[in-house]
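Engineer: Sharing a sequence plus its predicted fold:
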Amino acid sequence: MNSDPIEETPIYYHGTRADLKTGDLIEIGFSSNYGTKRKAKYIYLSATLEAATWGAELAYGEGKERIYIVEPTGPIEDDPNLTDKKFPGNPTRSYRSQYPFKVTGEVTEWQGHSPKQLKTMKDHLEKLRQQGIEAIED
């Protein structure tokens, strides 16, 4: 009898304000949802709903905050914006890629952060911006 645990493929999430449909591709080359909104060299996803929630809440724009379930179409790597320099390892299970993500669904019921938590995070990001520290480092 094989006692090896079965390793499941994680579910990946992408938080944004973009209005996408199942089958759409999220690709590099568009304006970033964060920082100076320059053209994105990478796209980001997470294996935790918590990190995707922050992504949706902090994304620029007036559109509805959305969290999509996505499938990478190529290799992914740890997101250096949230690993090693800022947190040991990858506790948020956040990743990036230069390959598209295919939208396979949407999380329609999720709990956002409290107004106080959101204000604290936005204030912190604004302080970094004033210090010339970009939210997304390529």
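Structural biologist: Structure's in. What do you need?
Engineer: Mind giving me the packing neighbours of the longest helix along the chain?
Structural biologist: Ordering each helix of the chain by length in residues (DSSP state H) puts helix 115-130 first. On a contact count with 3 or more CB pairs under 8 Å, 6 or more residues apart in numbering; DSSP states H and E, helix 115-130 meets helix 49-58. Placement of C-beta: from N, CA and C, glycine included.
Engineer: relative to helix 115-130, how tilted is the helix it packs on?
Structural biologist: Helix 49-58 runs at 70 degrees relative to helix 115-130, counting by axes from the mean of the first three to the mean of the last three CA atoms, to 10 degrees.
Engineer: The helix or strand following helix 49-58: partners in the sheet, and parallel or antiparallel?
Structural biologist: Sequence-wise, the next helix or strand downstream of helix 49-58 (DSSP states H and E) is strand 66-72. Sheet pairing of strand 66-72 (DSSP bridges) gives strand 12-16 (antiparallel), strand 101-107 (antiparallel).
Engineer: Give me the residues contacting the longest one.
Structural biologist: The contact list for strand 101-107 (CB atoms under 8 Å, 6 or more residues apart in numbering) reads 12-14, 20-26, 43, 45, 49, 52, 66-73.
Engineer: Please type out the ChimeraX selection for whichever of those residues turn out to be buried.
Structural biologist: In ChimeraX syntax, the buried subset of the contacts of strand 101-107 is picked out as below (16 or more other CB atoms under 10 Å):
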select :12,13,14,20,24,26,43,45,52,66,67,68,69,70
